[in-house]
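Trainee: Any chance you could fold what I've pasted below:
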Amino acid sequence: MAIKATVYKTTLQIADLDRGYYADHQLTIAQHPSETEERMMVRLTAFALFADEALVFGQAMSNDDEPDLWQKDLTGAILRWIVVGLPDERLIRKASGRADQVVIVSFGRAADIWWNENRSKLTRLDNLTVLRLPTASTQSLTKLVSRTMQLQCTLQEGGIMMSGEKGVVEIEPVVLHGKLSSDKAWQ
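Mentor: Numbering: from 1, shown residues only. Predicted structure coming up:
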C-alpha cells in the first residue's frame, strides 16, 4: 500500500512591502511522502515571494510536466513556473520554452555545487531567475511546522521574515542569476 501525502492547512498573511502586495491566503499543502519538512516550507516561502491570487501549487514531486508552483493567465498561458530545489537543467530549458518567467528557488548544502555545474547552461536562458536560500535559514523554517499553521510573512528590501506561533525565521535570498526590479523586487 502506498504511503499517502501529509496534509497541512496554512493561513499565510503576506505583507510584501517591495511589491505593495498585502493578502491573506488559506492554503492546503500536501507534503509528498518523499518530501522533507524543509522542502515543504521552502515551497511555502516561494509562494510568499511570488504571491498572487492566480499562483497555485503544482504536482512537481509526482509529475515532471508540472512545477512546484505556477501562475497562469485567464487563457491558460503560463506566466510563471517556479521550481524548488536543484532541478535538472533539461527540465528548466523545457520550462523556459513554456513559460514567460521561470524561477528556481535552490536550497540545501549542495546548492552551490549544483549551481557551479549548471551555471553555463542556465545563464543562457533570458527568462530565468535563480535564487539560493541559505541552508541555516531553510532548516530553521522547520521549527514553524505544524499540521495547522498560522504564519505571517513580511518581505522588505529583498529580505524575508517568516513568523508563527513557534518563532521567527529571517531569510536573505541570494540572486544567482536573473533580473529583479529594484522597486518591485520579486516580480
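Trainee: Point out where this protein drops to low pLDDT.
Mentor: Applying pLDDT under 70 to the chain picks out residues 1-2, 61-62, 180-187.
Trainee: what about the strands in it?
Mentor: For the chain, applying DSSP state E gives strands covering 6-16, 21-31, 55-57, 69-72, 78-84, 99-107, 128-133, 148-156, 159-164, 167-171, 174-177.
Trainee: Reformat these as CSV; add mean neighbour count.
Mentor: Placement of C-beta: from N, CA and C, glycine included. CSV is the format used below for the strands of the chain (neighbours: other CB atoms under 10 Å):
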stretch, mean neighbour count
strand 6-16, 17
strand 21-31, 14
strand 55-57, 17
strand 69-72, 21
strand 78-84, 23
strand 99-107, 23
strand 128-133, 22
strand 148-156, 17
strand 159-164, 18
strand 167-171, 17
strand 174-177, 15
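Trainee: what's the closest of those strands to L141?
Mentor: strand 167-171 (5.4 Å; CB to CB).
Trainee: I'd like the strands of the chain written out as CSV, with distance to L44 added.
Mentor: Output for the strands of the chain, formatted as CSV (distance: least, CB to CB, whole Å):
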stretch, distance to L44
strand 6-16, 7
strand 21-31, 6
strand 55-57, 9
strand 69-72, 10
strand 78-84, 10
strand 99-107, 11
strand 128-133, 12
strand 148-156, 8
strand 159-164, 8
strand 167-171, 11
strand 174-177, 19
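Trainee: between these, which one is nearest to S120?
Mentor: Closest approach to S120 among these is made by strand 174-177 (11.0 Å; CB to CB).
Trainee: who touches the residue positioned nearest the centre of the chain in this structure?
Mentor: For the chain, the residue nearest the mean C-alpha position is A46 (2.3 Å; CA atoms, centre = their mean). In this structure, A46 makes contact with 68-69, 82, 84, 103, 105, judged by CB atoms under 8 Å, 6 or more residues apart in numbering.
Trainee: give me the beta-bridge partners of the closest residue to it other than its chain neighbours?
Mentor: Excluding the flanking residues, the one nearest A46 by CB to CB, 6 or more residues apart in numbering is V105, at 4.6 Å. According to DSSP bridges, the residues that bridge with V105 are V84, L131.
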